[in-house]
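Student: have a look at this fold, sequence not included:
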């Protein structure tokens, strides 16, 4: 059972996160709370593209991988309280000492205190309202004692910073992917390859197999004849395509790999 973690911070902001291991090709997960904007998805520690469809997210796992998802949830304001709607999911709320839960309609499973924070495990659907309790500071002078109250700090700035960090991470990932693709296209056009392709054993075996089969073969035949798992063949062939060594075509609904540039390994 997946348990999403909703972390509330002392300034009123919040994040939703999940760290788990998934198995499959493209795995669809139901999000507990609608995202405010972007999500940061890491597959085996690498930023990965994803697709959000309403309140579900599709992650390309392509086998078995460690998956981490983090995003800023969409909230609402009701009678001066910050609110969050939770769908049909099991969540764990991490609540610091200066956050006051005003109302909660989720089905409570357990509650505990850990390092001064209230931990609530609950089941949706439902919602909860909370607010930031003001901090009071007393200043003493020679003749007069004055009390200053700091108003709650709402997390507009923090939300913007998180969004900027997430956008920057995806921009960097897209730039690196584009540079790699341009290098592959140049090699495919000129017939030249870098001096070091850094091909792994699977990729070199696939190239030799394609050469022995006259330059083309179905991915399913590569997997069967070489004894390589289908997901590994899928990844290896697509990396060879990025390097401009093979081209993938559909033949009668099956993927065929064609050797278009032989690196001579």
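Tutor: Looks like it came in fine. Keep in mind it's a predicted model, so treat the numbers as computed, not measured. Numbering: from 1, shown residues only.
Student: and the strands in the stretch 51-200 of the chain, which stretches?
Tutor: 51-53, 56-73, 76-78, 81-86, 90-95, 99-104, 107-114, 117-123, 126-132, 135-140, 145-150 (DSSP state E, counting those that start in this stretch).
Student: and those as a markdown table, adding mean pLDDT, mean neighbour count and distance to residue 8?
Tutor: Heads up, the C-betas are built off the backbone N, CA and C, glycines and all. Converted to a markdown table, the strands of the stretch 51-200 of the chain look like this (pLDDT from 0 to 100; neighbours: other CB atoms under 10 Å; distance: least, CB to CB, whole Å):
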| stretch | mean pLDDT | mean neighbour count | distance to residue 8 |
| --- | --- | --- | --- |
| strand 51-53 | 86 | 11 | 23 |
| strand 56-73 | 94 | 18 | 10 |
| strand 76-78 | 93 | 11 | 15 |
| strand 81-86 | 95 | 20 | 9 |
| strand 90-95 | 96 | 20 | 5 |
| strand 99-104 | 91 | 15 | 5 |
| strand 107-114 | 93 | 10 | 14 |
| strand 117-123 | 94 | 16 | 9 |
| strand 126-132 | 94 | 19 | 7 |
| strand 135-140 | 55 | 9 | 16 |
| strand 145-150 | 46 | 9 | 18 |
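Student: closest to residue 261 out of the ones you listed?
Tutor: strand 56-73 (24.6 Å; CB to CB).
Student: hmm, back to that, how about the strands of the stretch 51-200 of the chain, which one is nearest residue 218?
Tutor: Closest among these, using CB to CB: strand 56-73, at 18.7 Å.
Student: so what strands line up beside the closest one?
Tutor: strand 14-30 (antiparallel), strand 35-43 (antiparallel), strand 51-53 (antiparallel) (DSSP bridges).
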